[in-house]
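[1] can you look at this prediction? I've put the sequence above it.
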Amino acid sequence: MPQLTIAKAVTNGLRAAMEKDPKVVLMGEDIGKLGGVFRVTEGLQKDFGEDRVMDTPLAEAGIVGTAIGMALRGYRPVVEIQFDGFVYPAFDHIISQVAKMRARSLGTIRLPIVIRIPVGGGIGAVEHHSESNEAYFAHTAGLRVVCVSNAEDAYWGIQQAIETDDPVIFYEPKRRYWDKGEVDVSGASRGLFTAAVAREGRDCTVVAYGPMVKTCLQAAEAAAEEDKALEVIDLRSLSPLDLDTLAASVEKTGRLVVVHEASTFLGMGAEIAASITQRCFYHLEAPVLRVGGYNLPYPPSRLEEEFLPDLDRVLDAVDRSLAF
Amino acid sequence: MPQLTIAKAVTNGLRAAMEKDPKVVLMGEDIGKLGGVFRVTEGLQKDFGEDRVMDTPLAEAGIVGTAIGMALRGYRPVVEIQFDGFVYPAFDHIISQVAKMRARSLGTIRLPIVIRIPVGGGIGAVEHHSESNEAYFAHTAGLRVVCVSNAEDAYWGIQQAIETDDPVIFYEPKRRYWDKGEVDVSGASRGLFTAAVAREGRDCTVVAYGPMVKTCLQAAEAAAEEDKALEVIDLRSLSPLDLDTLAASVEKTGRLVVVHEASTFLGMGAEIAASITQRCFYHLEAPVLRVGGYNLPYPPSRLEEEFLPDLDRVLDAVDRSLAF
Amino acid sequence: MSDNAVVGGGASAASSDSTGRGDAITPDDLAVPVPAVGDGGPEMVQMLNPEGQRVETAVSAAYAQYAAELTDEDLRGFYRDLTLIRRVDTEATALQRQGELGIWASLLGQEAAQVGSGRALKPQDYAFPTYREHGVAWCRGVDPLNLLGMFRGVNNGGWDPNEKNFHLYTIIIGAQTLHATGYAMGIQRDGDVGTGDPDRDAAVIAYFGDGATAQGDVSEAFVFAGVTNAPVVFFCQNNQWAISEPNERQTRIPLYQRARGFGFPGIRVDGNDVLAVYAVTKHALEEARSGQGPTLIEAWTYRMGAHTTSDDPTKYRVSADVEVWKLRDPIMRLKAYLAHEGKADSAFFAAVEAEADELAVHVREGTLSMPDPTGESMFDHVYVEHHPLLAAEREQFVAYQASFDGGH
Amino acid sequence: MSDNAVVGGGASAASSDSTGRGDAITPDDLAVPVPAVGDGGPEMVQMLNPEGQRVETAVSAAYAQYAAELTDEDLRGFYRDLTLIRRVDTEATALQRQGELGIWASLLGQEAAQVGSGRALKPQDYAFPTYREHGVAWCRGVDPLNLLGMFRGVNNGGWDPNEKNFHLYTIIIGAQTLHATGYAMGIQRDGDVGTGDPDRDAAVIAYFGDGATAQGDVSEAFVFAGVTNAPVVFFCQNNQWAISEPNERQTRIPLYQRARGFGFPGIRVDGNDVLAVYAVTKHALEEARSGQGPTLIEAWTYRMGAHTTSDDPTKYRVSADVEVWKLRDPIMRLKAYLAHEGKADSAFFAAVEAEADELAVHVREGTLSMPDPTGESMFDHVYVEHHPLLAAEREQFVAYQASFDGGH
Ligand SMILES: Cc1ncc(C[n+]2csc(CCOP(=O)(O)OP(=O)(O)O)c2C)c(N)n1
Ligand SMILES: Cc1ncc(C[n+]2csc(CCOP(=O)(O)OP(=O)(O)O)c2C)c(N)n1
Ligand SMILES: [Mg+2]
Ligand SMILES: [Mg+2]
């Protein structure tokens, strides 16, 4: 099986989707000759032409707004937002149009739009380049929100997102773009809208998605040395949540720690804690604990290591959970 | 004490703030001669002039963006967003500028901007006029988010919001605009950033804010007839949350039901459930239950009664909580 | 072809006038001195003056050919459209007052702008409306009951947009201009521009108001359309008001000139002159279809009624202005023209009136008998594919409802 | 007055040239035929041609008075500014390569656009920059170390904007144009426009790039400024590129013409000609201060380097273009002019070089010794007033950190 970086896996997934369906078009800033600032669309304009890989004007509302129009004409636009912090000018179109159009039309309209967003911090960038804004979209009915954590999910996930007739916010963990993993390119799209058990364990469940999955797996590795068996769940889908997989794990371990980069207040951890507590009330030995960003704007990069959850903070939360 | 509608209480509060501080300016669509579509700014342009009550061009990003500039020049802009569903074009400025400017400047900049938003459903309106989008802003560090439920809080709350040097999203419960209540206009601003116990009780705590407070008080009335004593808490501040008041109540009752119009998934109820469960783990006799909008775009108005939480749904949740 | 297609009519002079306007004018109102209410200026393309006379001006010559193509039957069809859609509007306003609609956005005064442009469209063209394009909807063959249903609150848009190539109403000001531009970019990708095949080449028309021009979305649509040379016509109905705000709060120069800043033509047309609107729009659509790119049309018109039934225009404008514009009524002038030129007779006008009466009944009865959607239906169209949370909520909802039916 | 204020210098001819550009040109690059790289056309205001000769063109006459006011000392001051800020830029680029900065956005090639406009500002004026306005920052008296600190990641903007009337860098493309317009509306409310008092009347300048013109925010700023007649100058540095996208992806007509659609003047100026930029900006600012409203200036220039140090322009543009623009270098032409006209001598040029060397040391040493902020500090400036959640988190953070210090 080939070893691919996550970035390259997305590239190959996009290519496969474009080869399969001529209605798939890519839109975004600098995605043509440059191949995008992360080079995810590298080579695609050369191979598929400017009509299918379009360098748009520098205007995110315009990009998403025209993507909606293209979708209404029968295309399947895949939009690249250059960095997480630049999606807000398009927020109105995503919330009021993309998410609601199908319901508005009583089901006569389908908007199979994918909005790709490189997400999260840890790359030493200036402001607005390290945001974790998944909660805004996850709270928005009508959207699907996913975040991949490894190359295989990136390759298949982007294809599955494109094939889906619902609009999908597709987060790519930018600081893991260059991490390599095996990708089985045989078979068919799989699993994007369900959670995966990334590592089995019986003492405490740790759930994460995107960039934090690796951190949690490392924490589990470290915990194993102290004979604590963490079960790590990779959510993949943030909306809808695969509560069945989560609940099954929590019923086994009795404890849950949620980890994400976003600020904890009203972050994904809040929903997971609320719904799992409701569902597994009598199984929980400890309250669901949350490890996340602090409730402040993403700090300047020289402080990001102190802002972002790391192995130690995950283990600290696990210990606190186990101490209950 | 005078009886005022909530709408009129805001008007009077705005007037008081404008009289006290010449730097207070109002900006928005149709707020001049028309007095705003809800007539909240009625008479103010006539009395304070067009420079202090400005009919802006029809562009929400422009309104909030220029309000930021005015604040940088030393003004205290109070922006009216005509309806909840029209705030999204301004989202970028609120999230990336208003919320972050102070941190960005290491504290040298203050942005005392108030963004008034009539919020919620129940008025039989067409699409985009009944949104409950408080969770987006509450999840955003750097903002304060409040929602008043009665005339006295409206009168004092708007003044307190304007006096605060932090930016405030100020929600007004539009379907309660015409509800009257007593307003004690003596004394000073009070209480906006803390929760209030609206009714005491020992069997179950019910927490709400804005339009749902009335519904919950009615539910408590009904429950009292069946000898169930509900404690109703009016949050007022959604960010920060006054967890002390909430926790004290839950420690007494052992049960908590959160009620809001917004979709439950990642709504305020999620955060309240998560944080109260963590804080009161050993006091809770039942999981925190949430009553809210379903997870779908706000429905056409002929269905809104079925979408919105009402007295019955609140009581149903209380019963489920008590049955644990 | 549209269901509400143009039908012909008979011979001679004008009968009763039924412009069916809203608010009555009191003597008090008339005491206010009549202000100079902008008449659009010499740059405005006009073909029928307010008195219903055919005029030729310098700027209108370029579009005369399109007006010349119109048969008498076409003109009678326009008259029928104008009259019928005004009747729908009158009826809807009444239904709102009677509590049958939650709100209604009247097109009173803007009928010519909508019918003129709507009739310039080919079946393969696509229109993106605001919330006030009832006349365009009519031209596209959308049953007015669909529009009323939305304002009644039984749905948020009840027609299949692809059936009539007429998108759902867009309430977020300006957003549809980008959707229209994207749709036009799709047409380009389909190769349906500049082929020379009149049944294939297609264009898009995006409607918006004077207020909307302030929104960033509209400027971005101009940027995207300019850069991609997309086949889209931007059709701005300048009805002088954005709720309570006059043009001066949105721009300091005439709106049609906005296009100059983006590199494509802008035309001001008399929006109360159905002929001129038709001709100018036809031209702009031809340009778009043949690959010449976008055009901005500013239709100079007036919102004769309130912004919506929730609005009270007496708060912000003087009735004298409205009086001035009454003299420019789009229907009266076409009627005068048709009658004077002998293109229609009283039998025709009577027939149209009768048809309008029938339509009013259809609208009224249809509204009164419109079923409410079931509560369950709100879960139906959120996602195409399975969504566990929504499925669970639907189940709970059904069970909860049943608990009441069971006499809980 | 600014700390980096103009200082005078000595007499005669030019010494060594140190334009310090980025990528080297390989023979291979030069094999590419040199394309016609737009020279701005006859509509462009120019006063010094690329050879450093004073020229008068039809369109430049209107601004000649402002250039005429400049003393030789002023001109030498410009030269000094241009040279010093370029040195800062060179040093910052080097520091980034050495890992001392996270990223750097070079202004190479755009020095004249920034210094010419920056020096046209009065102390009471206010500037709203993007992330590339190092030359303007310099003119406003902001220590370059503050800029480097931001790119190093020790803060998100380390200066007090009100001290120098220079706002923090804005990274969200276009957003600052609205902030600038709002600030200008505040100036109006303060009555600081059109009083005739030269020390009181104030204006705002908003910087942005060619790419930014596509953003809705920029058009909305034009709308608001147009409608309110706000004292704001929109200063667009058209450096031909928005990262990898050339102008054609953002507009189909020259950008200065965008203003025509909004009802205020647009001027294209040679952005590599510090004299012309100064004169045109001075004019536009005077207009604004005196109550004549906004102006758009398009400074026609070129981004000589990469978009930022993270960018690789070889992917999307040919070096031959860069070669063409090297011949239009803003510093070389001023140097030639000063030397040829006898306005500066070699001692002056040598003194500026020496000063640049010193400044480079200041920048380098300052960066290397720049302290990292403490972790705790991130909790300090989020809210003005007490915030229980943040207070609790701060406490937890401190305790958690202490647990490590205590050898946990
Ligand atoms: C983004 C947004 N902001 C505000 C509104 C509220 N609103 C509805 S119609 C309207 C005025 C629109 O004026 P114009 O564009 O001239 O169209 P008209 O109603 O005159 O046809 C406003 C402010 C809205 N629908 N969307
Ligand atoms: C809203 C937003 N979208 C995207 C970006 C990413 N980005 C940073 S600079 C840039 C290009 C800007 O081009 P231009 O306006 O011409 O300015 P220049 O960099 O050439 O000075 C882009 C796309 C951003 N910073 N903000
Ligand atoms: Mg209008
Ligand atoms: Mg540029």
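    Yes, it's here. Ligands and ions are numbered 1, 2, ... in the order given.
[2] and for the residue of the stretch 51-200 of chain A found nearest chain C, the neighbour number?
    Residue of the stretch 51-200 of chain A nearest chain C, by Cβ to the nearest Cβ: residue A:69 (2.2 Å). To be clear about C-beta, it is placed using only N, CA and C from the backbone, and glycine gets the same treatment. By other Cβ atoms under 10 Å in any protein chain shown, the residues close to residue A:69 number 31.
[3] tell me which other helices or strands the helix or strand where it lies touches.
    Taking DSSP states H and E as the definition, one finds residue A:69 inside helix A:60-72. Packing partners of helix A:60-72 (3 or more Cβ pairs under 8 Å, 6 or more residues apart in numbering or on different chains; DSSP states H and E): strand A:24-28, strand A:76-80, helix C:175-189, helix C:216-228.
[4] is the longest one anywhere near ligand 1?
    No. Under the criterion of Cβ under 6 Å from any ligand atom, helix C:175-189 makes no contact with ligand 1; the nearest approach is 7.5 Å.
[5] show the subsequent helix or strand relative to that helix.
    Of the helices and strands lying after helix C:175-189 in sequence (DSSP H and E), the nearest is strand C:204-209.
[6] and for that following strand, what's in contact with it?
    Identification of contacts with strand C:204-209 by Cβ atoms under 8 Å, 6 or more residues apart in numbering or on different chains yields C:117, C:121, C:125-130, C:132-133, C:136, C:173-174, C:176-177, C:179-181, C:183-184, C:187, C:218, C:221, C:230-239, C:242, C:281, C:285, C:288.
[7] go through these and flag which are in helices.
    C:117, C:136, C:176-177, C:179-181, C:183-184, C:187, C:218, C:221, C:281, C:285, C:288 (DSSP state H).
[8] circling back: and chain A, which of the contacts of strand C:204-209 reach it?
    Near chain A, judged by Cβ under 8 Å from any Cβ of the partner chain, the entries from the contacts of strand C:204-209 are C:177, C:179, C:180, C:181, C:183, C:184, C:187, C:221.
[9] how about the contacts made by the residue of the stretch 51-200 of chain A closest to chain C?
    Listed by Cβ under 8 Å, 6+ apart, the contact partners of residue A:69 are C:178, C:179, C:180, C:181, C:182, C:183, C:184, C:185, C:186.
[10] per-residue pLDDT, the spatially closest residue to the first one that is not a sequence neighbour?
    With sequence-adjacent residues excluded and distances taken as Cβ to Cβ, 6 or more residues apart in numbering or on different chains, residue C:178 is closest to residue A:65, at 2.7 Å. The score at residue A:65 is 98. That number is its pLDDT.
[11] do the one 10 residues further on as well
    Residue A:75 is assigned a pLDDT of 98 by the prediction.
[12] number of nearby residues for it?
    Neighbour number of residue A:75 under other Cβ under 10 Å is 25.
[13] OK, contacts around it?
    By Cβ under 8 Å, 6+ apart, residue A:75 lies in contact with A:23, A:24, A:25, C:186, C:189.
[14] from these, which two are the most distant?
    Greatest spacing in the contacts of residue A:75, by Cβ to Cβ: A:24 and C:186 (12.8 Å).
[15] which strand is the longest one in chain A?
    Longest strand in chain A by number of residues (criterion: DSSP state E): strand A:256-263.
[16] one step back: Throw the helices and strands packed on helix A:60-72 into CSV and include distance to ligand 2, thanks.
    CSV is the format used below for these (distance: least, Cβ to the nearest ligand atom, whole Å):
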stretch, distance to ligand 2
strand A:24-28, 10
strand A:76-80, 11
helix C:175-189, 16
helix C:216-228, 12
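[17] in TSV: the ones you listed, plus mean neighbour count.
    Below are the helices and strands packed on helix A:60-72 laid out as TSV (neighbours: other Cβ atoms under 10 Å in any protein chain shown):
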stretch	mean neighbour count
strand A:24-28	25
strand A:76-80	27
helix C:175-189	29
helix C:216-228	29
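[18] residue C:310 is nearest to which of those?
    helix C:175-189 (21.2 Å).
[19] name the residues of the stretch 151-300 of chain A found near chain B, please.
    Contact residues (Cβ under 8 Å from any Cβ) of the stretch 151-300 of chain A with chain B: A:239, A:262-263, A:265-271, A:273-275, A:277-278, A:281, A:286-290, A:294-297, A:299.
[20] looking at the contacts of residue A:69, which is nearest residue C:102?
    Comparing the contacts of residue A:69 against residue C:102 with Cβ to Cβ places residue C:179 closest, at 24.7 Å.
[21] isn't the closest one right up against residue C:128?
    Yes. Counting by Cβ atoms under 8 Å, residue C:128 is a contact partner of residue C:179 at 5.7 Å.
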